[in-house]
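[1] After the sequence you'll find the predicted model.
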Amino acid sequence: MPVPLTPDAPRLLNALATGSAALLQRRFWSNGVNQLLQELGEASGVSRVWIFQLLEQSPSGLLQDYVFEWASTTDYRQLTQKRFRFFSMAIDDPEYADMVTRRQRGDAHACIVSQLSPGPLRENLESQAIRSMVTVPIMVNGQWWGTLGFDDCEREIAWEGSGLQALTIAAELIASAIYRHQLNSRKRQVDLLQRVAACGAWEVNPASGATWCSSGLLASLGYPQDYARLPLRRLLAHIVTEDRLTLWALLRQCCGVCNSSCRVDVRLIDLQGNTRWHELVIEAHYVSCGRLAGIAGLAIDISQRKQGEVQAQTEAEFDELTGAHNRRGMVRYIRELLESRKCQRPYLLLLDIDHFKIINDRYGHPAGDTLLKTLAKRLVGELRPDDCLVRLGGEEFAVVVGEMGETQVLQLAERLRCCIAEDPFVLDALPGIGGTLSACEVSVPMTVSLGVATMMPGESVGHCQSMAIAQADQALYIAKESGRNRVVAYWQR
Ligand SMILES: Nc1nc2c(ncn2[C@@H]2O[C@H](COP(=O)(O)OP(=O)(O)OP(=O)(O)O)[C@@H](O)[C@H]2O)c(=O)[nH]1
């Protein structure tokens, strides 16, 4: 009857110390694991140290893979044997079933093969010439990830006490290295996802005001990616004030409903003062209904999409040649003006170039286009930034102005007329004027006629606008008929 040997615990502890340093320092965690297995194998004097990774488990069996091994001699190597690649293990035998249950619980299991009762487990170990074995489950984040095992093919070792404890610590060290590796891989995936999707993640604890921002979000706000912690007030200060108010209103609605989510577009200002549009995706989490536990979500950079929207709006609402609003832009301007309640009674000024046909015929259509552009620029120079210049079509323009009196609007109309009539326009050298190729600039005098009307808010913006255009058109007609280069108001007819 062989006498069981006890492993040398101090040597094992020493091996643990060297092995754990390798796990922390090695660039690849698998190199660290290999070194730890070697240290433990040499210190314990066993034939083989191995790790099986658990891939699948079902009530009837397990699928495992032989992933790491250290062997004292090449005779004891098994890692390269085909039968250990993705091998399945049926758990119909009670002894196997018991072993699996213990591993699932995280318990170590040691055996001296000659003392095992006859059965599949003993047969299997004997077929590998194993005389004693100890296994310790590797539990990663509470889950059975795999098994660390020590086979001795020469001695019968009773693994217990501090020797066994050292092996348990080794399994825990390996588990934390695996967990670290998993977290790092997940972080890399999340970073990649955030980079590709141009988004960052954030979280706020409403009770403590504590915040967390992903490295991507910190970077897009201009902070170093490893910035320790951004106080809530400072984080909120990155949102443009007007958008912050919209956000508050939405949050009040969103947080009133259990486990709700909402989205809002806001402008974020980074530390350098650059503003970029972001879509905030907000999720409110509740401990129980009514008790808010946290608010978290994403900040997706949508600046490019917004740029596209602005460009599409510009194309849809502005005249390409002169940069003035078109009819659609004018409708929106009037609607916003009336809705803002800044102005109850805007005025509409219709402005038409006098005898533009003659100018076109004389200098050509391209020159006519240049004159239209210059004329629009002159008009804008006379208006306030809030006023709206519209090109209704051809050589006909309109100006919509907010609240002012009748006298003031007539003064403005007169100013617009003068700014066109007073100084002739200058065209660059034009080929073919007067039959020669002139290198000189050409001076083109132009005048405009204006009809002015009041916009009376009616049933719709469209109705109010067509009424005003019709009235201003009547006044303009009178201005043209009575000699051009003059202003007539509808109420003066
Ligand atoms: N260059 C240029 N000319 C345009 C454009 N749109 C319209 N026109 C021209 O503007 C002229 C308008 O002529 P009319 O409607 O007869 O008016 P007018 O010659 O200005 O005469 P009154 O308005 O009666 O003073 C036409 O010759 C059109 O071809 C444009 O986009 N570019």
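    Noted; the coordinates are in hand. Numbering: from 1, shown residues only.

[2] what about residue 466, neighbour count?
    Summarising burial for residue 466: neighbours were counted as other CB atoms under 10 Å, giving 12. Every residue, glycine included, has its C-beta placed from N, CA and C.

[3] Residue ranges of each domain in the chain, please.
    Structural domains annotated on the chain: 9-185, 197-306, 318-492, as defined by automatic domain parsing.

[4] Just the CA atoms of stretch 308-328, as CSV, please.
    Only the C-alpha atoms of stretch 308-328 are listed here, as CSV (Å, rounded to 0.1, in the frame of the first residue of the first chain):
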residue,chain,number,x,y,z
GLY,A,308,-26.6,68.0,-44.4
GLU,A,309,-29.9,69.2,-43.0
VAL,A,310,-28.7,72.8,-43.0
GLN,A,311,-27.5,72.4,-46.5
ALA,A,312,-30.7,70.8,-47.6
GLN,A,313,-32.7,73.6,-45.9
THR,A,314,-30.5,76.3,-47.5
GLU,A,315,-31.0,74.7,-50.9
ALA,A,316,-34.8,74.5,-50.3
GLU,A,317,-35.3,77.9,-48.8
PHE,A,318,-32.7,80.2,-50.4
ASP,A,319,-32.2,81.5,-53.9
GLU,A,320,-29.0,80.0,-55.5
LEU,A,321,-28.1,83.1,-57.5
THR,A,322,-28.5,85.9,-55.0
GLY,A,323,-28.4,84.1,-51.6
ALA,A,324,-31.8,85.8,-50.7
HIS,A,325,-34.7,83.7,-49.3
ASN,A,326,-37.0,82.1,-51.9
ARG,A,327,-40.8,81.9,-51.5
ARG,A,328,-40.6,78.8,-49.2
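
[5] In the chain, what residue comes closest to the ligand?
    Using CB to the nearest ligand atom, the point where the chain gets nearest to the ligand is residue 368, with a distance of 2.5 Å.

[6] hmm, back to that, figure out which of the domains of the chain is closest to residue 191.
    Ranking those by their distance to residue 191 (criterion: CB to CB) puts domain 197-306 first, at 6.7 Å.

[7] Within the sheet, what are the partner strands of the helix or strand containing residue 452, with directions?
    Residue 452 belongs to strand 448-454 when elements are defined using DSSP states H and E. Paired with strand 448-454 in the same sheet, following DSSP bridges, are strand 347-353 (antiparallel), strand 487-489 (parallel).

[8] Columns mean neighbour count, mean pLDDT and distance to the ligand on top of the ones you listed, output as a markdown table?
    Written out in a markdown table, the entries for these read as follows (neighbours: other CB atoms under 10 Å; pLDDT from 0 to 100; distance: least, CB to the nearest ligand atom, whole Å):
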| stretch | mean neighbour count | mean pLDDT | distance to the ligand |
| --- | --- | --- | --- |
| strand 347-353 | 26 | 97 | 5 |
| strand 487-489 | 23 | 98 | 14 |
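
[9] how about the strand holding residue 452, does it get close to the ligand?
    No. Under the criterion of CB under 6 Å from any ligand atom, strand 448-454 makes no contact with the ligand; the nearest approach is 6.9 Å.

[10] And the contacts of that strand?
    The list of residues contacting strand 448-454 from outside it, by CB atoms under 8 Å, 6 or more residues apart in numbering, reads 345-354, 375, 409-410, 413, 416-417, 420-421, 468-469, 471-480, 484-491.

[11] now swap in stretch 229-248 and tell me
    Looking at what lies outside stretch 229-248 - CB under 8 Å, 6+ apart - the contacts are 202, 204, 209-213, 218, 221, 223, 264-270, 275, 280.

[12] Over to stretch 389-400?
    Residues from elsewhere that reach stretch 389-400 (CB under 8 Å, 6+ apart): 319, 321-322, 324-327, 329-330, 333-334, 337, 346-353, 356, 372, 375-376, 379-380, 383, 387-388, 412, 416, 455, 469, 472.

[13] What's opposite the residue most central in space within the chain in the beta bridge?
    Here the mean C-alpha position of the chain is nearest to the C-alpha of residue 199 (CA atoms, centre = their mean), at a distance of 1.6 Å. On DSSP bridges, the residues paired with residue 199 through beta bridges are residue 300.

[14] Hmm, it is touching residue 299, no?
    Yes. Between residue 199 and residue 299 a contact is recorded at 6.2 Å, counting by CB atoms under 8 Å.

[15] Just send the strands paired with strand 448-454 back as a markdown table, with distance to residue 89 too.
    Listed next are those as a markdown table, based on distance: least, CB to CB, whole Å:
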| stretch | distance to residue 89 |
| --- | --- |
| strand 347-353 | 87 |
| strand 487-489 | 98 |
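
[16] ok, back up a step: could you say which helix or strand holds the residue of the chain closest to the ligand?
    When the helices and strands are read off by DSSP H and E, the one containing residue 368 is helix 365-382.

[17] Give me the contacts around that helix.
    The list of residues contacting helix 365-382 from outside it, by CB under 8 Å, 6+ apart, reads 321-324, 351, 353, 356, 359-360, 363, 389, 391, 395, 397, 399, 412, 415-416, 419-420, 425, 427-428, 430, 444, 446, 448.

[18] chain center to the helix or strand hosting residue 336: distance?
    Remark: residue 336 resides in helix 327-339, with elements defined by DSSP H and E. Helix 327-339 has its average C-alpha position 33 Å from the chain's average C-alpha position, going by CA atoms, centre = their mean, to the nearest Å.

[19] What average pLDDT does it get?
    Summarised as a single mean, pLDDT over helix 327-339 is 89.
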